[in-house]
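J.: Provided below are the primary sequence and the corresponding predicted coordinates.
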Amino acid sequence: YMHDDENMHKFFAYLNLFVFFMITLVIGSNLLIMFIGWEGVGLCSYLLIGFWYKNQSYNDAAKKAFIMNRIGDLGFLIGIFILGHLFGTLEFSQIAKGMQSEVFLKNIDFTLLSTAALCLFIGATGKSAQLPLYTWLPDAMAGPTPVSALIHAATMVTAGIFMITRMNFLFDFAADVQHIIAIVGAITALVAATIGLLQNDIKKVLAYSTVSQLGLMFLALGMGAYTVAVFHVITHAFFKACLFLGSGSVIHALHGEQDMRKMGGLRKAMPITFITMLISTLA
């Protein structure tokens, strides 16, 4: 897909930096390391969305993604500060242990705990493109299609779901916040799917579909069904990445055309892409 691009070496440098930050986010044993990875993927997303920087609208899309993520990240940061204040540590295992002790349950300020949970959810809203911070994700399709397939289908946007699942012991305490998560997830799933019905750009349809699927994952999280949410994260990663790569194959074959109204009858010309797209669509 990138073979005739003059900056291919830069593309792979950004992409590998992205993977490095994503692994940091997932592997870290405390909120601080997670936050470093969280910010890192935001930066790499900005670099990759604005990869073809000679087009001004792509630059605007990159800035939009960066700024919207900053809004969510402020909430995430405040949540981290509150938890650090309450527990004196940011280690996941220590916080979980602290929440099970009887001394803690007697002395804890539940309002503050719920506020921390809500702040973490605001962080997840920005990263995982939920209402009202979802508009950056459809615009993020400005970048090369392999980026859309890796980042905006499978890894970065599911970071919010991962974070809430990782902190499940906190959200189990904050039932009100879980209700909010479920409601926001359900509304996002409906709204985004409805918008997706009327898009003409082949990648924007998939982007709105991603927002909708993320909404379903948040609905599961709000119900306390963490295993269900993570299961859907994994299935969604495979079928959505496959859809994006298929759309990339179509765009490449049509020399950069992304308007679906100008397409049709490609099955005979591109049988392999047709089969892979069919399988991933059914999935």
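T.: Alright, I've got the coordinates.
J.: What segments of the stretch 1-150 of the chain are helices?
T.: Here the stretch 1-150 of the chain has its helices, by DSSP state H, counting those that start in this stretch, at 8-27, 31-49, 56-87, 92-100, 102-107, 110-127, 136-139, 145-150.
J.: Does the nearest residue to residue 153 once chain neighbours are set aside belong to a helix, a strand or coil?
T.: Here the nearest residue to residue 153 in space, its sequence neighbours aside, is residue 240; by C-beta to C-beta, 6 or more residues apart in numbering that works out to 3.8 Å. (C-beta placed from N, C-alpha, C; glycine too.) Using DSSP: H, G, I helix; E, B strand; the rest coil as the criterion, the local structure at residue 240 reads helix.
J.: Name all residues that make contact with residue 273.
T.: The neighbours of residue 273, taking C-beta atoms under 8 Å, 6 or more residues apart in numbering as the test, are 246, 249-250, 253, 266.
J.: now do residue 218
T.: Listed by C-beta under 8 Å, 6+ apart, the contact set of residue 218 reads 124, 128, 130, 161, 164, 181-182, 184-185, 188, 229.
J.: that older thread, out of the helices of the stretch 1-150 of the chain, the one nearest residue 198 is which?
T.: helix 136-139 (12.1 Å; C-beta to C-beta).
J.: In terms of pLDDT, where does residue 33 sit?
T.: Residue 33 is assigned 91 on the pLDDT scale.
J.: shouldn't it be in contact with residue 23?
T.: No - using C-beta atoms under 8 Å as the test, residue 33 is too far from residue 23 to be in contact (10.9 Å).
J.: Quick check on these two: which one has the bigger neighbour count.
T.: Per other C-beta atoms under 10 Å, whichever of residue 33 and residue 23 has more neighbours is residue 33, with 16 against 12.
J.: Excluding sequence neighbours, find me the nearest residue to the more buried one.
T.: Spatial nearest neighbour of residue 33, chain neighbours left out: residue 24 (6.4 Å); criterion: C-beta to C-beta, 6+ apart.
J.: give the contact list for the one you found.
T.: Under the contact definition (C-beta under 8 Å, 6+ apart), the residues listed for residue 24 are 33, 36-37, 40.
J.: Look up how far residue 274 lies from it.
T.: Computed as C-beta to C-beta, to the nearest Å, the residue 24 to residue 274 distance reads 38 Å.
J.: Quick one: distance of stretch 225-245 to the chain centre.
T.: Here the centre of stretch 225-245 is set off from its chain's centre by 11 Å, with C-alpha atoms, centre = their mean, to the nearest Å.
J.: Report the buried residues of that stretch.
T.: By neighbour count with 16 or more other C-beta atoms under 10 Å, stretch 225-245 contains the buried residues 226, 229-230, 232-233, 236-237, 239-245.
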